[in-house]
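Trainee: Sequence and predicted structure below; questions after.
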Amino acid sequence: MSAVALKEPLHLKTDDVLRETPVSDWSSWSSTVWVFENTTAGRHRSTARFDFRLELLGETNEYEAEYLTDDRFADLLDEVRRFVYSLLVDSRGLGGHLKPTGLGNLQSEVHAFLRWMVSCGFNRIADVPVQAVNTRFLERLVAEKVGDDDEDAITAKGLAKYLAVPIKLHQQSAAMPEGRRLLAAAPYDGKAAMKAASELSRKAVGSIPALPMAVFVPVMAEALSWVAVKAPDVLRMHDLYLREWNRLGGLGANRKQAVVGAALRSEAFSAIGDGQEPWRGPIEGVILDRHRDAGREGDSEVDTFHQLRRLVLDARDACVCLVQGLLGLRISEVAGLKAEPFDARTGLPACVEVEDTVNGVYEAFYVRGRVFKGEDTWQEVRWAAGLRPKGSDVVPPAVEALRVLYRLFKPYRDMADRDDLIVGFRNSKGLPKGKDSVADVMSAALRDGQRWWVSTYCDVPPDLRITTHMWRKTYAVQIYKADPALLPAISLHFKHLDMQTTYKSYIRGADPDLMEFVDEVSLGQTAELLMNIRHGRVRAAGRVYESLLDGAARFDGFFADGGGPEELEAIRQEIATAGVRSHECGWGRCLYRPEWARCGGGRLGPDEANRSPGTCSGCDNLLVLLEHRDFWNRRRDTNRRLVAEY
């Protein structure tokens, strides 16, 4: 039994009294870790502890990690200690006092809130406006806790524990000493955590939009410019740095820095554009520049070698943007790509494969990697990355970006004996000098790097918050716009188990103009199809076939010339009035009329999530053409085989 009882309201005492006051038999108020007695059977003793050395700004960024126990966060640490202790002895919530065994979970939940507030520039809980909690904190939870993918959203119950922290901070304000309030107002307009979480998790599914073309196109153009011109400059500077540093061998560090630094500062960057001016000025000595880390405000001193490091990271981020934008990979899939063994035949890293197409006319590029989502470990897969005529030396842009990444990080892979395409830097300044400074690259570092790169080099709206998943959404939407019949191909490329996931999470609602665009495309396709059927240029079958012939026959007296632009426009206007549209699928054409649709589609077209051969085959909207014959022959043969076997 503990000799120190959790009864006295220590959170109300002054700092000088508290410093060495025990909070338990094992810890004092000023201890970095509070350890309490575990009185709950079946719970691990580690659950009855709270570690205040919480990382607030991580070492994965370009500065040393900063912790809640650092001197600059002294006021925040005092707030957190008083808050945690008050929950143990004087909780103002409905659930009663917090048990010591609940501290482990509380630590992770409080940690998420603290990291967010510090990244926003708030160093005291009392300074956080409730409006920031209701908007920016919720946005962060969507980005980090709801998941990188819409179809993998966290449950409302899992989200509620994080939303509960600001509510508790407001409730416990009443338990604080005078003048030491925490959160001034109730967050979420007074809603309970579970209700707010339910609303947020529902919004999160499908909430990440595709990037507008006005943003996507210039960002991809800038990324292409980096891969083609700017990244080669960075690689040249990087090679110069490594070559000179190694050449000077055992020379003193200060002398080496002086010689190598002078060599870097003497190099010019390539001229581009109509005026043929260098795309940036030369590397300088020490300059003042804004922090690359999202959680730090103001400018910092950046020396010659750290400017080179920034350029290396900028090249990395441009390449990652290009790979995600042109191939639709998840950020975790990019982080998991492998570089070794290098393929000397193709001149490409291990994650790129080149194969002849079946007809031997082209060479197909594939990116081989690992899918981590939905798997306990990972599953090896590959994604289509482009084609080139056989014998050509042209490389698809995304593959060229992977080749740049290979060269960029090769010295550090060799240094640490790693095979990852991209590695992280554990050292906070300059570039790694030994294997201990090389680490796994974190998805968060790639995400933050993308935001820095886009905001620095691209002309985008300042309030646009780009997430890594937007590239994937945009990839899906643009292919679907080109041809809705490619939905199965998009689903296969994304490694989804079914098309419903692809359509609901990536297509529907991702682009406000998409459905109207698809409607226009369908209208034109339908008119052309009807005219060709009417003149016998297309053979067809299906329940809708006869009614189509009857409807098209009404034009016989007006257009007898075998079908021309005037007839096509007349049919187009007729079907626009009737609301009929053609929607392709692998097993037929849907001549869509909502009143006959078995899939339960809406005004503009069928419900892609519910379309299937079984559903469509009994639908009055299905039209089967010669191009679909192979599908139905295969289905017939498969069914015959199954009947024979079983």
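Mentor: Looks like it arrived, so ask away. Residues are numbered from 1 along each chain as shown.
Trainee: rest of the way, CA atoms for contacts and neighbours
Mentor: Fine.
Trainee: Can you list the low-confidence ranges for the stretch 351-500 of the chain?
Mentor: By pLDDT under 70, the low-scoring segments of the stretch 351-500 of the chain are 372-377, 497-500.
Trainee: What are the boundaries of the strands in it?
Mentor: For the stretch 351-500 of the chain, applying DSSP state E, counting those that start in this stretch gives strands covering 352-356, 362-371, 379-389, 423-425, 438-440.
Trainee: So which of these is the most surrounded?
Mentor: Of all those, strand 423-425 carries the top mean neighbour count, a mean of 22, counting by mean count of other CA atoms under 10 Å.
Trainee: List the contacts of the nearest residue to W596 once chain neighbours are set aside.
Mentor: With sequence-adjacent residues excluded and distances taken as CA to CA, 6 or more residues apart in numbering, W596 is closest to D620, at 6.1 Å. Listed by CA atoms under 8 Å, 6 or more residues apart in numbering, the contact partners of D620 are 542-544, 596-597.
Trainee: Check those residues against R370 and report the nearest one.
Mentor: The nearest member of the contacts of D620 to R370, counting by CA to CA, is A597 at 39.1 Å.
Trainee: So for stretch 218-232, what gets flagged as buried?
Mentor: Of the residues in stretch 218-232, 219-220, 222-224, 226-227, 229-232 count as buried by neighbour count, 16 or more other CA atoms under 10 Å.
Trainee: Could you list which of the residues you listed belong to helices?
Mentor: When DSSP state H is applied, the buried residues of stretch 218-232 are split such that 219-220, 222-224, 231-232 fall in helices.
Trainee: Tabulate the contacts of D620 in CSV, adding columns for pLDDT.
Mentor: What follows is the contacts of D620, written out as CSV (pLDDT from 0 to 100):
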residue, pLDDT
G542, 77
R543, 71
V544, 71
W596, 83
A597, 87
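Trainee: Compare those residues and tell me which has the most neighbours.
Mentor: A597 (22 neighbours; other CA atoms under 10 Å).
Trainee: What is the least confident helix or strand in this structure?
Mentor: Across the helices and strands of the chain, mean pLDDT, DSSP states H and E gives its lowest value to helix 545-552, namely a mean of 60.
Trainee: going on from that one, what's the next piece of helix or strand?
Mentor: Note on helix 545-552: by DSSP states H and E, the next helix or strand toward the C-terminus is helix 565-578.
Trainee: coming back round to it: out of the strands of the stretch 351-500 of the chain, nearest to L405?
Mentor: Ranking those by distance to L405, with CA to CA as the measure, places strand 423-425 first at 9.8 Å.
Trainee: Identify the neighbouring strands of that closest one in the sheet and state each direction.
Mentor: Using DSSP bridges, the strands paired with strand 423-425 are strand 438-440 (antiparallel).
Trainee: thinking in terms of the whole chain, how far from its middle is the strand it pairs with?
Mentor: Relative to its chain's centre, strand 438-440 lies at 21 Å (CA atoms, centre = their mean, to the nearest Å).
Trainee: and for that strand, what are the contacting residues?
Mentor: If you take CA under 8 Å, 6+ apart as the criterion, strand 438-440 is touched by 412-413, 416, 423-427, 432.
Trainee: again, only using 7 Å
Mentor: Here strand 438-440 makes contact (CA atoms under 7 Å, 6 or more residues apart in numbering) with 412, 416, 423-426, 432.
Trainee: Then stretch 257-275?
Mentor: Outside of stretch 257-275, the residues within contact range by CA under 7 Å, 6+ apart are 233, 237, 241, 244-245, 277-280, 282-284, 304.
Trainee: Tell me the one of the ones in helices among the buried residues of stretch 218-232 nearest V538?
Mentor: Nearest to V538 among those is M220, at 40.8 Å by CA to CA.
Trainee: Ignoring the adjacent residues along the chain, who's closest to that closest one?
Mentor: L322 (6.3 Å).
Trainee: ok so, going back, reformat the contacts of D620 into JSON lines and put secondary structure and distance to L57 next to each item.
Mentor: Output for these, formatted as JSON lines (DSSP: H, G, I helix; E, B strand; the rest coil; distance: CA to CA, whole Å):
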{"residue": "G542", "secondary structure": "coil", "distance to L57": "63"}
{"residue": "R543", "secondary structure": "coil", "distance to L57": "64"}
{"residue": "V544", "secondary structure": "coil", "distance to L57": "63"}
{"residue": "W596", "secondary structure": "helix", "distance to L57": "58"}
{"residue": "A597", "secondary structure": "coil", "distance to L57": "54"}
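Trainee: for the residues you listed, which one is nearest A401?
Mentor: Nearest to A401 among these, with distances taken as CA to CA, is A597, at 45.3 Å.
Trainee: hang on, isn't that closest one packed against G618?
Mentor: No. Here A597 lies out of contact with G618, judged by CA atoms under 7 Å, at a distance of 9.8 Å.
Trainee: pLDDT value on T304, please?
Mentor: Looking at T304, its pLDDT reads 90.
Trainee: and it, how many residues sit next to it?
Mentor: Using other CA under 10 Å, T304 is surrounded by 20 other residues.
Trainee: And M237, by the same measure?
Mentor: By other CA under 10 Å, 22 other residues sit near M237.
Trainee: Surely it is in a helix?
Mentor: Yes. Residue state for M237 (DSSP: H, G, I helix; E, B strand; the rest coil) corresponds to a helix.
Trainee: which SSE is the closest residue to it other than its chain neighbours in?
Mentor: Distances taken as CA to CA, 6+ apart put L264 closest to M237, at 6.7 Å, once the chain neighbours are dropped. Element membership for L264, per DSSP H and E: helix 253-265.
Trainee: Please compute how far the next helix or strand after that helix lies from its chain's middle.
Mentor: Next in sequence after helix 253-265, counting helices and strands by DSSP H and E, comes strand 271-272. Put simply, strand 271-272 sits 32 Å off its chain's centre (CA atoms, centre = their mean).
Trainee: Sheet partners, orientation included, of strand 271-272?
Mentor: strand 277-278 (antiparallel).
Trainee: what mean pLDDT would you report for the partner strand?
Mentor: So the average pLDDT for strand 277-278 ends up being 90.
Trainee: Show me what that strand is in contact with.
Mentor: 269-272.
Trainee: now those: which count as buried?
Mentor: The buried subset of the contacts of strand 277-278 (16+ other CA under 10 Å) comprises F269.
Trainee: So what's the residue count around the closest residue in space to M415 that isn't next to it in sequence?
Mentor: Spatial nearest neighbour of M415, chain neighbours left out: K435 (5.4 Å); criterion: CA to CA, 6+ apart. Neighbours of K435 under the rule other CA under 10 Å: 16.
Trainee: Tell me the spacing between K435 and F305.
Mentor: The gap separating K435 from F305 is 18 Å, by CA to CA, to the nearest Å.
Trainee: before we move on, what about E178?
Mentor: E178 sits at a distance of 50 Å from F305 (criterion: CA to CA).
Trainee: Show me where the stretch 501-646 of the chain dips below the pLDDT cut-off.
Mentor: Across the stretch 501-646 of the chain, the ranges flagged by pLDDT under 70 are 501, 503-522, 545-563, 578-579, 603-604, 609.
Trainee: where exactly do the strands run in it?
Mentor: For the stretch 501-646 of the chain, the strands defined by DSSP E, counting those that start in this stretch occupy 540-541, 581-585, 588-592, 622-625.
Trainee: Please name every helix or strand in contact with the shortest one.
Mentor: Helices and strands touching strand 540-541, as assessed by 3 or more CA pairs under 7 Å, 6 or more residues apart in numbering; DSSP states H and E, comprise strand 622-625.
Trainee: I am finished for the moment; much appreciated.
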